[in-house]
Each structure stands twice: as structure tokens, then as C-alpha cells.
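Asks: Starting from these lines, generate the structure:
(one chain, ligands or ions: 2)
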Amino acid sequence: MTTAALIVAAGRGTRAGGDLPKQWQVVAGRPVAAWTLAAFARHPRIDHVLMVVHPDDRALAPDGVETVAGGATRAASVRAGLEALAGRGIDKVLIHDVARACVDAGVIDAVLDALDTSEGAAPGLAVTDALWRGADHVTGTESRDGLYRAQTPQGFRFDAILAAHRAHPGEAADDVAVARAAGIGVMITRGSEDNIKITQPGDFARAAAILEGRQMTAPDIRLGNGYDVHRFGPGDHVMLCGLRVPHDRALQGHSDADVGMHAITDAIYGALAMGDIGRHFPPGDPQWKGAESHIFLRHAVELARDRGFAVSNIDCTLICERPKIGPHADAMQQALADITGLEAGRISVKATTSERLGFTGREEGIAAIATATLVKT
Ligand SMILES: Nc1ccn([C@@H]2O[C@H](COP(=O)(O)OP(=O)(O)OP(=O)(O)O)[C@@H](O)[C@H]2O)c(=O)n1
Ligand SMILES: C[C@](O)(CO)[C@H](O)COP(=O)(O)O
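Replies: Ligands and ions are numbered 1, 2, ... in the order given. As a prediction, the model looks like this:
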């Protein structure tokens, strides 16, 4: 199943005011369109995102997103997007207003789930206020029974909604109206009060409050991995995870060759997307010859701290036949705790053999893999 998101962003945003159309104005630190794009681009069930923009606005679109020129009405913009996606093997499409920048994964998931059993699905909120008719004065009341406020994304089987739009030239309230005109059944899914459409000037502040509130509550968690190998040479001990372990050979390297600590250090750099040990401590630089590896690990932890992250936990696996790691694992965890400032219970050191296969099986060297989790503090 291939699922696409089609974000319509070719409107002029006249009701919202401002120097630029509303989708390019900044809310909570990013343009409205960037928030909307991020909600779909990071969603694990969305394979492709296409943004429909006004021909004058192509340079304003967020980096990396495919764009296509829109039309004079919302329906024409949707049609242009659907035509651009035709023939690409798309099974499901979610059509979404760029102006609904606060859409969340739960709303998207509910629509996608409903599309497993229905040709169309869209989020709605039951009307809870009483409904009046009138202008200056109330001239009557209307029943709210069975009335919903329509939201997006409105999702459809791709071929069905493309055919429906081709058969429905001209304006339409939304894609549900186009679909229903073609006989497509549309299931109502759970909408969200936060899924507002930025329409009037005051809506920017409402959207900012929602998005900023989420930034405060959603933790920024980063995961990194590291891998390292050092070969054996002559010697009487190895340095592993900060511990001197007696052995009949030594690991060779530019530094003290602590393969475990190097993998952990690289995992932290990886979580920060800041390269690896070689970038921060070039092997060609004589000042690092024979260096103790805790220097590298302390540097990575400090770098994380400087960028507002705390190391939450570390997991390291050493791959070797000998020396046996089990008897030393607790001491290694404590040594790493002393270097990183973490409690030992957040550090795991374990080992495996490679069943005498490969270079570790032949005892030519030791390999290590590590994972580190960083949390924004
Ligand atoms: N020709 C158009 C008109 C609207 N839209 C998109 O359709 C969505 C819903 O429209 P609306 O909120 O009415 O946006 P605007 O048309 O930009 O606003 P206004 O009516 O205030 O000018 C928006 O994401 C808008 O960018 C579009 O892609 N092409
Ligand atoms: C599609 C829509 O978001 C459903 O609520 C809405 O109809 C589009 O915005 P407009 O203000 O009606 O153009």
C-alpha cells in the first residue's frame, strides 16, 4: 500500500491578513507550511508528500518537498495535485489544508485506519453549541443533531477520488462533497479541537499556543549508534570500557584502543548528528597518540550537555571470544558511570562471542557496538 499526502497551499490567505499568504507566515518559530509538512513527512504511514503551491510562491515552499502549481480555487488545486500523483501507484491519498498546521498523528491515523474499510474518511467534530439563524437578531434556531464541523485530512482511495474530481469541475465545499457527488461513501473519524484552520488574524496566536504547548510537552529524544573494531597485537592487557583487563595480548590503535568506549562515544556523537571520534580527534594528530579514551567520551558528553541534552542511557555490546567480559561487566559499568556522570543503572555492558566465526572468532581483534539515548533537558 502506498499512501500520499496532498497538501493544498495555493490560496492567498486574504482573510488572515499580513504581508505574505498565511501559509508562509511564521508561527511558533517556523512557517505555517513547515509545521503542516512536518506532521505528514514524519508520519510513519505516509510514503510521499506533495504540496500544491501558487505559481508565484514556489520559492517559498519548504526545502525538499515536491511542489506542483495550484489553480484558482481549492478544488482546482486539489485536482492539480491529484493529476500530478496519477500513475505513480498511489493507493490512498490524504488531502489536507496547509492552513491546518496543528494536525496531529492521531487524527491522521484515524483517517488511515478508516480507509481500510471505507473508500473515503474524514475527521469531524460534532457540533456542541446551539445553532441560531439570524443577523443582528436571532430569528430562529436550528437543530444541531447529526451536524459536524468538517476538518482535514480527508482521505480516499486514490483512483476513486481522482475520478470524482475529474467528473466534478468547478468549486466544492471540500473533497468530501466531491466524493459524495460521485457516490463514494465517507466515514466520519475523530477530529480534534486543536486541528484549527488558520483563517482569521487571531488564529495565528491560537495555532502558536497549540504548537508551543506541544513543544513543551513532547520530549526531544535522540538515538545514536556506534561501532568500532581494534586488532590484537603483543601486550599484557586490554582497555575495555574504561577498565584495564589483564590479557595475553593488547588492542592496537592510535589511542589506548578502548574499543567499547569508542563505540559509546560514537553513539553519542551520532545522536547529536555531529560526526564521529575521527572528526573531533583526528587520528593523524600526534597529540592523541596513546590518549586515554575517557578524553573522547567526556568530550562527547560535554558536547551533548552544551547542546542541551542529557545522556539518558547507554548500551554497549563487546564481541570477542576472550577475555571473558562477564566477570568485569559491573566494574566497566561503574567506570563508565564515573566518566559520564550517569548512574551505573543507566549503563549496560554485555558481551557475545561470534561462535568462533570471522575475525573476532579467530581472536584477531575485538568489535563493539553501542547505542546511546539523549534527552533534551
Ligand atoms: N486556489 C486555492 C485556494 C485555496 N487553497 C488552499 O485550500 C485551503 C483552504 O482554503 P482557505 O483556508 O480558504 O485558504 P485561502 O483561500 O488561502 O484563504 P482566504 O479565503 O482567506 O483567501 C488552504 O490550505 C489554501 O491554501 C488552494 O490550494 N488553492
Ligand atoms: C476543507 C475545509 O477545511 C473543511 O473544513 C474547508 O472547507 C476549507 O476552507 P474554506 O474556508 O471553506 O475555503
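
Asks: Now the residue in the stretch 251-377 of the chain positioned nearest to ligand 2. Nearest residue, chain neighbours left out?
Replies: Nearest residue of the stretch 251-377 of the chain to ligand 2: residue 376, at 33.2 Å (C-beta to the nearest ligand atom). All C-beta atoms are positioned from the backbone trio N, CA, C, and that covers glycine. Closest residue in space to residue 376, ignoring its immediate chain neighbours: residue 220 at 3.6 Å, by C-beta to C-beta, 6 or more residues apart in numbering.

Asks: separation between that neighbour and ligand 2?
Replies: Distance from residue 220 to ligand 2, counting by C-beta to the nearest ligand atom, to the nearest Å: 30 Å.

Asks: change the start of the numbering to 616 and stick with it
Replies: From this message on, residue numbering opens at 616, which makes the last subject residue 835.

Asks: so what pLDDT did that residue get?
Replies: pLDDT, residue 835: 85.

Asks: Against residue 713, how distant is residue 637?
Replies: 8 Å (C-beta to C-beta, to the nearest Å).

Asks: no wait, residue 619
Replies: Where residue 713 is concerned, residue 619 sits at a distance of 15 Å (C-beta to C-beta).

Asks: Comparing these two, which residue is more hemmed in?
Replies: residue 713 (28 against 24; other C-beta atoms under 10 Å).

Asks: wait, that one sits on residue 648?
Replies: Yes. Counting by C-beta atoms under 8 Å, residue 713 does reach residue 648; the two are 5.2 Å apart.

Asks: any shared contact partners between the two?
Replies: Here residue 713 and residue 648 have 622, 624, 638, 666 as joint contacts, going by C-beta atoms under 8 Å, 6 or more residues apart in numbering.

Asks: Any chance of TSV for these, columns distance to ligand 1, pLDDT and secondary structure?
Replies: Below are those laid out as TSV (distance: C-beta to the nearest ligand atom, whole Å; pLDDT from 0 to 100; DSSP: H, G, I helix; E, B strand; the rest coil):
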residue	distance to ligand 1	pLDDT	secondary structure
622	8	98	strand
624	5	98	strand
638	6	98	helix
666	9	98	strand
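
Asks: which of those are close to ligand 2?
Replies: Among the shared contacts of residue 713 and residue 648, no residue sits close to ligand 2 (C-beta under 6 Å from any ligand atom).

Asks: Could I have the PyMOL command that selects the buried members from those?
Replies: Filtering these down to the buried ones (16 or more other C-beta atoms under 10 Å) takes a single PyMOL command:
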select buried, resi 622+624+638+666
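
Asks: mind listing the helices in the stretch 816-965 of the chain by residue range?
Replies: Counting by DSSP state H, counting those that start in this stretch, the segments of the stretch 816-965 of the chain that form helices are 818-832, 874-886, 892-895, 909-921, 944-955.

Asks: Okay, now the unreliable bits of this protein?
Replies: Applying pLDDT under 70 to the chain flags residues 992.

Asks: which residues are there in it that come within reach of ligand 2?
Replies: Counting by C-beta under 6 Å from any ligand atom, the residues of the chain close to ligand 2 are 689, 712, 765, 766, 767, 788, 789, 812, 814.

Asks: So which of those belong to helices?
Replies: Cross-referencing the residues of the chain next to ligand 2 against helices under DSSP state H gives residue 689.

Asks: Quick check: of the residues of the chain next to ligand 2, which lies closest to residue 630?
Replies: Using C-beta to C-beta, the shortest approach to residue 630 within the residues of the chain next to ligand 2 belongs to residue 814, at 5.5 Å.

Asks: what sits against that closest one?
Replies: 630, 631, 714.

Asks: Regarding the last one, what is its secondary structure?
Replies: It stands for residue 714. Here residue 714 is recorded as coil under DSSP: H, G, I helix; E, B strand; the rest coil.

Asks: What is the neighbour count of it?
Replies: If you count neighbours by other C-beta under 10 Å, residue 714 ends up with 25.
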